[in-house]
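> Got a predicted structure plus its sequence, pasted below:
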There are 2 protein chains.
Amino acid sequence: MSSGERQSGVDRVVDIFEELLRSREPIRIGELARRLEAPRSTLYNLVNRLVAADLLEVMDDDGSVFFGRAMQLYGTAYAETNPLQRHARPLLETLAAGSDATAQLCALRHDKYVVLDSRSGPSLFRITTDIGVPVPLPWTASGRLLLGHSSPEQISALIPADDYTLPDGRVIDPQDFLTDVAKSRDDGYCVTLGLSDRFTCCLAAPVRNPRGEAVATLCFVVPADQPEARRLELLRRLIEASDRLSRHCR
Amino acid sequence: MSSGERQSGVDRVVDIFEELLRSREPIRIGELARRLEAPRSTLYNLVNRLVAADLLEVMDDDGSVFFGRAMQLYGTAYAETNPLQRHARPLLETLAAGSDATAQLCALRHDKYVVLDSRSGPSLFRITTDIGVPVPLPWTASGRLLLGHSSPEQISALIPADDYTLPDGRVIDPQDFLTDVAKSRDDGYCVTLGLSDRFTCCLAAPVRNPRGEAVATLCFVVPADQPEARRLELLRRLIEASDRLSRHCR
DNA sequence: GACGGGCGTCCCATATATTGGACAAACCCA
DNA sequence: TGGGTTTGTCCAATATATGGGACGCCCGTC
């Protein structure tokens, strides 16, 4: 009755959603309260409202909660309406089918890189990054392009120190990364070989808004052993598609 | 300072989302306030929070708002996690490609029918119902299946009188509709010819939970002039796929 | 130029949503 | 069986979010 801060219900709802996205699997209400450091009674109240609205669903086996069907409908409405996403979809399909590779639409979210949409070619069965899963920017070719409009100071301030450490333990020098960002911006594309994964090659091209800032990227994910000629061909297609997408989004 | 009801911010947020889904295009905040009969100051407060959380986006040209990128990520997380949706996707692809028709996953939402996911065959360019758009239950084959576990009283209470009127003005007799529902439940499928659209044939089969209730349907949408033999073949594939999906969802 | 209407922001009062706590029932593990 | 933990529900108190109103601004129209 004297200490504890009070938080708005709406903000708490946002926290719930973000925690569920991070977890990617149902969470029990008690566990949710612990992770968000929120009172249990508050969470029961909020979760019940959200379940009634179908924004969340309770798993009837153990009472844990996850996103509900309404989310799917809202998300689809967004994807169908947003010009970037709407125009990207057919392009991704063409890229993936025509080049038999995994094609992705990527963007910046908070201080990380996320895949927004992804298509795979027919013969390919590689595991591709899940949509919406945050990935450190220095791990990716797209990350270098997405930071093109930021100053070195902004970039240094944005990226957590840990994010320069690759999954295999190697560490990227922040200075080298800044150089990469500048070079990628000038080149208009970025290619990484064996970066986030020793056997993967990523090719990325920027989707730019009218002010020239990279608001998203299109990228290919292919095995690292592809011949040079094929990589160049993939890059050509990618740049053509991203230029087209840039024109659609003004 | 004495009249007006007060509403919870969370409930208002839900109202905002539902109104945006209905509208399917950006709405200005003033207009939103009018439609929801909510104070403008409240909406500015809520919308600003939601925009900050990326659940909503403001269109920079005219200040109207619509769903934001976070919705897409949450919705995708749902679709990838929910067993029904996850297993339905490859089935829809197989159905659509193998039969060159539009295949849809449908379910009940409030007192209407909605498409949850949809794939079209290669040669087909028919306009298909948008995902998430509510359609009166009596207009559809799936609607008849989805009500299979409800009593006649429940059905009569659920369906608004206007929903028995088809787009072309014809009116369905509620008694006939109840008969259709019972027959569809017993048959284990439902076919409609020229119902919601004079030139369209809908074939639907139920996805049942372990208790035998139709929690969703798979359906084909094809031109009405298809030969009987093809319709039977489509129905056979549909029933096989929906049985498979039912097994996956227990 | 005056006018009407919508937009975005700010401010205060109060109705109420948030909160901590307490409770019984269910659960798990020893 | 029995102690420790978790679950879901309920309650009363108060910090605060909601709602009403007022303000200046911009933009079309008359």
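The structure has been received and is ready for your questions. Numbering: from 1, shown residues only, chains lettered A, B, ... in the order given.

> What backbone torsions are found at the one residue in chain A that gets nearest to chain B?
Residue of chain A nearest chain B, by CB to the nearest CB: A:G75 (2.1 Å). To be clear about C-beta, it is placed using only N, CA and C from the backbone, and glycine gets the same treatment. The phi/psi pair for A:G75 (degrees, to the nearest 10) reads phi -60, psi -40.

> my guess is it contacts B:L73, does it?
Yes - when contacts are counted by CB atoms under 8 Å, A:G75 is listed as touching B:L73 (7.4 Å).

> A:A77 and A:L105, how far apart?
Plainly put, A:A77 is 18 Å away from A:L105 if you go by CB to CB, to the nearest Å.

> And A:D62, by the same measure?
Distance from A:D62 to A:L105, by CB to CB: 35 Å.

> Which of the two has more residues huddled nearby?
Neighbour totals were compared for A:D62 and A:L105, and A:L105 leads with 26 against 8 (other CB atoms under 10 Å in any protein chain shown).

> how near is that one to A:L92?
Distance from A:L105 to A:L92, counting by CB to CB: 6 Å.

> shared neighbours, these two?
Common neighbours of A:L105 and A:L92, using CB atoms under 8 Å, 6 or more residues apart in numbering or on different chains, are A:D117, A:S118, A:L218.

> I'd say the last one and A:A204 touch.
When you say that, I think you mean A:L218. Yes - between A:L218 and A:A204 there is a contact at 7.0 Å, judged by CB under 8 Å.

> what's the overlap in contacts for these two?
Common neighbours of A:L218 and A:A204, counting by CB under 8 Å, 6+ apart, are A:C106, A:L238.

> Which positions in chain A make contact with DNA strand C?
Contact residues, chain A versus DNA strand C (CB under 7 Å from any atom of the strand): A:1, A:3-10, A:12, A:38-42, A:45-46.

> Filter those residues down to the buried ones.
A:G9, A:V10, A:R12, A:A38, A:L46 (16 or more other CB atoms under 10 Å in any protein chain shown).

> list the buried ones in the longest helix seen in chain A?
Secondary structure of chain A per DSSP state H: the longest helix is helix A:228-248. Residues of helix A:228-248 classed as buried by neighbour count (16+ other CB under 10 Å): A:R231, A:L234, A:L235, A:R237, A:L238, A:I239, A:A241, A:S242, A:D243, A:L245, A:S246.

> Could you do stretch A:59-74 as well?
Across stretch A:59-74, burial judged by 16+ other CB under 10 Å covers A:S64, A:V65, A:F66, A:F67, A:G68, A:R69, A:A70, A:M71, A:Q72, A:L73, A:Y74.

> Going along the chain, name the strands of chain A.
A:56-58, A:65-67, A:102-109, A:112-119, A:135-136, A:190-193, A:200-208, A:214-223 (DSSP state E).

> Output these in a markdown table; the columns should cover mean pLDDT.
Shown next, in a markdown table, are the strands of chain A (pLDDT from 0 to 100):
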| stretch | mean pLDDT |
| --- | --- |
| strand A:56-58 | 96 |
| strand A:65-67 | 97 |
| strand A:102-109 | 96 |
| strand A:112-119 | 96 |
| strand A:135-136 | 96 |
| strand A:190-193 | 94 |
| strand A:200-208 | 95 |
| strand A:214-223 | 94 |
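
> Just tell me which of these ends up closest to B:S196.
Of all these, the one in closest proximity to B:S196, counting by CB to CB, is strand A:56-58 (29.0 Å).

> strands paired with that closest one, and their directions?
The strands that strand A:56-58 pairs with in its sheet are strand A:65-67 (antiparallel) (by DSSP bridges).

> can I assume A:L105 is in contact with A:P90?
No - using CB under 8 Å, A:L105 is not in contact with A:P90; the gap is 11.5 Å.

> so who does the residue in chain A positioned nearest to DNA strand D touch?
Distances between chain A and DNA strand D by CB to the nearest atom of the strand are smallest at A:G30, namely 2.1 Å. When contacts are counted by CB under 8 Å, 6+ apart, A:G30 touches A:R40.

> How much space separates it from A:Q226?
In terms of CB to CB, A:G30 sits 49 Å off from A:Q226.

> for A:P136, same thing?
According to CB to CB, A:P136 and A:Q226 sit 25 Å apart.

> Tell me which of the two has more neighbours.
More neighbours surround A:P136 than the other of A:P136 and A:Q226, with 20 against 16 (other CB under 10 Å).

> Could you pull up the contacting residues of that one?
Residues near A:P136 by CB under 8 Å, 6+ apart: A:K112, A:Y113, A:G143, A:I159, A:P160, A:D162, A:D163, A:Y164.
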